[in-house]
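S.K.: the sequence and its predicted three-dimensional model are supplied below.
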Amino acid sequence: MTHPARPRMRHCPNCDGFPTVHITTGHHRPDGTRATLRVTCRTCHGTGLVRLSAPTPLASGAARD
Ligand SMILES: [Zn+2]
């Protein structure tokens, strides 16, 4: 059974998969609810995922003893 190829993605290291948060401002709206600010992760632009980069090959002769 074959699986479709998926892009190589992983959780964003900056937000750990929680790309959007709401921060309370300390103020309340007239209806009593808290006023919040919506903040989106700048690294993943709100997706929670980042593309894996290609592994860098080791330089030959770098691990000489
Ligand atoms: Zn992120």
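M.R.: The structure has been received and is ready for your questions. Numbering: from 1, shown residues only.
S.K.: any idea how far the helix or strand hosting residue 26 is from the chain center?
M.R.: Assigned by DSSP states H and E, residue 26 falls within strand 20-28. With CA atoms, centre = their mean, to the nearest Å as the basis, strand 20-28 stands 20 Å off its chain's centre.
S.K.: which strands border that strand, and is each parallel or antiparallel?
M.R.: Looking at strand 20-28 with DSSP bridges, its partner strands are strand 34-40 (antiparallel).
S.K.: just checking, next helix/strand downstream of the partner strand?
M.R.: Immediately after strand 34-40, counting by DSSP H and E, sits strand 49-51.
S.K.: just the pLDDT at residue 8, thanks.
M.R.: pLDDT recorded at residue 8 is 86.
S.K.: residues from this structure in reach of the ion?
M.R.: With CB under 5 Å from the ion as the criterion, the chain comes near the ion at residues 12, 14, 15, 19, 41, 43, 44. All C-beta spots, glycine's among them, are computed from the backbone N, C-alpha and C.
S.K.: format these as CSV; extra columns: pLDDT, neighbour count and distance to residue 51.
M.R.: Output for these, formatted as CSV (pLDDT from 0 to 100; neighbours: other CB atoms under 10 Å; distance: CB to CB, whole Å):
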residue, pLDDT, neighbour count, distance to residue 51
12, 93, 19, 10
14, 93, 12, 14
15, 93, 20, 15
19, 95, 20, 14
41, 95, 19, 15
43, 93, 14, 11
44, 93, 19, 10
